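Trainee: Return atomic coordinates for the entry below.
(4 chains)
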There are 2 protein chains.
Amino acid sequence: MPKIVDHAVRREEIAEALWRVVRRDGIRAASVRTVAAEAGWSAGAVRYYFPDQDGLLSFAMDLVSRRVTERVSGIEPKGSAIAIALRYLEEALPLDAERRAEFDVWMAFMAQAQAETGAGSLHEHVDTVHDGLRRLCESLLNSLADDGALKNGLDLRREAERLHALIDGLALHAAIQPERSTATRIRQILRHHLETLIA
Amino acid sequence: MPKIVDHAVRREEIAEALWRVVRRDGIRAASVRTVAAEAGWSAGAVRYYFPDQDGLLSFAMDLVSRRVTERVSGIEPKGSAIAIALRYLEEALPLDAERRAEFDVWMAFMAQAQAETGAGSLHEHVDTVHDGLRRLCESLLNSLADDGALKNGLDLRREAERLHALIDGLALHAAIQPERSTATRIRQILRHHLETLIA
DNA sequence: ACGAGACTAACACAGCTGTGCTAAAAAGGA
DNA sequence: TCCTTTTTAGCACAGCTGTGTTAGTCTCGT
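Mentor: Here you go, the predicted model:
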């Protein structure tokens, strides 16, 4: 019987090599050969797992979103409702080196996805992540509302969208100007925003 | 004497062709030859104006920011302070097809700039635009404060950063999900945010 | 008309691109 | 040991890449 290699693990390994290339040299540099070199294999090896590079790109993009959702679903919701909300929302922000790298890659994918706008394209991954974060914002605000923690008369739908936009904006700022938009600064602003919603 | 062609105009013409390529097929497709074809000239013609493609990319990115600042500085600040603020901030948002295209291109440049992080790189353009928008947010809030329109006890520095992040987040949403995040929806949220700051 | 200056097109070159294909190596149950 | 299956490395090919160079064309003040 043949050598057993966990197909899924190898594919993730290769996708992570792609991430490193994208982050170091941009998506323009992410060819089959450069990714193979980064992963430490021959180009043929990479192509065994990914017959064409579109599939590799799509898988690598999907892996980002899976990693994020893994991390988010690993959070234990304990503490006050507002503490829980902060904990969840922070996880979506690139506040440490690892997540900053992840976000850089995600940004490159998003930009590419804006071009390939057809069906079955990268843009579906964008929509998935985008909708996921929006729903997270909605459910966190609903939890706060159920606890009676929120101000009266808030339009929750609108507040969810506003919070969602703020999160994405803060993420962008943390990524492109990490010296100015430090982790503590970002947390301050996020906490402050939630406090304006609280009774 | 030779044929007189406005050098600057031609360069902008070529840069706009690059924009169209980036928007249609992504930054990976923006080669000297594809841009030349899009512009309707030979590759040699493009290279007459841009000796190397790094210069072309950098110019095209800079042109985006110049166009934005042109539009912003063309605004006449009339009406109430809050109307002025809304008018300015809306101009930074991709609420119509033209500005959506512009934003897509800008996003591709930002992603690429995250990779080339050295001095003299694309990232300087990102910082310029980013700082410009932040200062705009600051000055708009300051104007509102001078009019006595704002609530008491606001930390203007923090509010400026929060507003800035919200703007960037809304811009992203308008770009990647224009069906959901329509122009009117975006305006609503922005207006609502400003109203929460007003006494 | 002329010719200097501004502009254009075309080719050359080495190197990279994605993809198809083939031969070999590795691995472990029989 | 052998043999099937999985995995790997390598080559080939046509086409694209950035850049250098060169020969040509156009334009317009004199």
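
Trainee: which residues sit in contact with the residue lying closest to A:A115 once chain neighbours are set aside?
Mentor: Counting by CB to CB, 6 or more residues apart in numbering or on different chains, the nearest residue to A:A115 once its immediate chain neighbours are dropped is B:G26, at 3.8 Å. All C-beta atoms are positioned from the backbone trio N, CA, C, and that covers glycine. Neighbouring residues of B:G26 by CB atoms under 8 Å, 6 or more residues apart in numbering or on different chains: A:I27, A:A111, A:Q112, A:Q114, A:A115, A:E116, B:A108.

Trainee: Go through those residues and flag which are in helices.
Mentor: Mapping these onto helices (DSSP state H) picks out A:A111, A:Q112, A:Q114, A:A115, B:A108.

Trainee: so the second one sits right up against A:S121, yeah?
Mentor: No: A:Q112 lies out of contact with A:S121 (CB atoms under 8 Å); the separation is 9.5 Å.

Trainee: More neighbours: the two, which one.
Mentor: The residue with more neighbours, out of A:Q112 and A:S121, is A:Q112; 26 against 15, by other CB atoms under 10 Å in any protein chain shown.

Trainee: The nearest residue to the more buried one once chain neighbours are set aside and DNA strand C: what is the separation?
Mentor: Ranked by CB to CB, 6+ apart and with sequence neighbours excluded, the top spatial neighbour of A:Q112 is B:G26, at 4.7 Å. Going from B:G26 to DNA strand C by CB to the nearest atom of the strand, to the nearest Å gives 13 Å.

Trainee: State the pLDDT value of B:G26.
Mentor: Note on B:G26: pLDDT of 95.

Trainee: Equivalent analysis for the one 5 residues further on, please.
Mentor: The pLDDT attached to B:S31 in the predicted structure is 95.

Trainee: Distance from the lengthiest helix in chain A to the middle of the chain?
Mentor: In terms of residue count, the longest helix belonging to chain A (DSSP H) is helix A:123-146. Averaging C-alpha positions (CA atoms, centre = their mean, to the nearest Å) puts helix A:123-146 13 Å from its chain's average.

Trainee: if we can go back for a sec, min pLDDT across the contacts of B:G26, which one?
Mentor: For those, the pLDDT minimum is A:E116, 82.

Trainee: and the closest residue to that one other than its chain neighbours, what does it touch?
Mentor: Nearest residue to A:E116 in three dimensions, chain neighbours excluded: A:L122, at 5.4 Å (CB to CB, 6+ apart). Contacts for A:L122 were tallied using CB under 8 Å, 6+ apart; they are A:L57, A:S58, A:M61, A:F109, A:Q112, A:A113, A:E116.

Trainee: Closest one to DNA strand C out of the contacts of B:G26, please.
Mentor: In terms of CB to the nearest atom of the strand, no member of those lies closer to DNA strand C than A:I27, at 10.5 Å.

Trainee: what's the burial count for that closest one?
Mentor: 23.

Trainee: For the nearest residue to it once chain neighbours are set aside, give me its contacts.
Mentor: Among residues not flanking A:I27 along the chain, A:A108 sits closest, at 4.4 Å (CB to CB, 6+ apart). Contacts here follow CB under 8 Å, 6+ apart; on that basis A:A108 touches A:V22, A:G26, A:I27, B:A111, B:Q112, B:Q114, B:A115.

Trainee: One more: A:R191?
Mentor: A:L86.

Trainee: What does the pLDDT read for it?
Mentor: Reported pLDDT for A:R191: 97.

Trainee: can you check A:D62 too?
Mentor: 96.

Trainee: repeat for A:K3
Mentor: 63.

Trainee: From the contacts of B:G26, pick the one nearest A:G153.
Mentor: A:Q114 (37.0 Å; CB to CB).

Trainee: doesn't A:S121 make contact with that closest one?
Mentor: No: counting by CB under 8 Å, A:Q114 does not reach A:S121; the two are 10.1 Å apart.

Trainee: Name the nearest residue to A:L95, sequence neighbours excluded.
Mentor: What sits nearest to A:L95 in space, not counting adjacent residues and going by CB to CB, 6+ apart, is A:A183, at 4.1 Å.

Trainee: Who are the contact partners of the one you found?
Mentor: A:L95, A:D96, A:A174.

Trainee: From A:A174, how far off is the closest residue to the second one other than its chain neighbours?
Mentor: Right, A:D96. Distances taken as CB to CB, 6+ apart place A:A183 nearest to A:D96, at 7.2 Å, with adjacent residues excluded. Separation of A:A183 from A:A174 (CB to CB, to the nearest Å): 7 Å.
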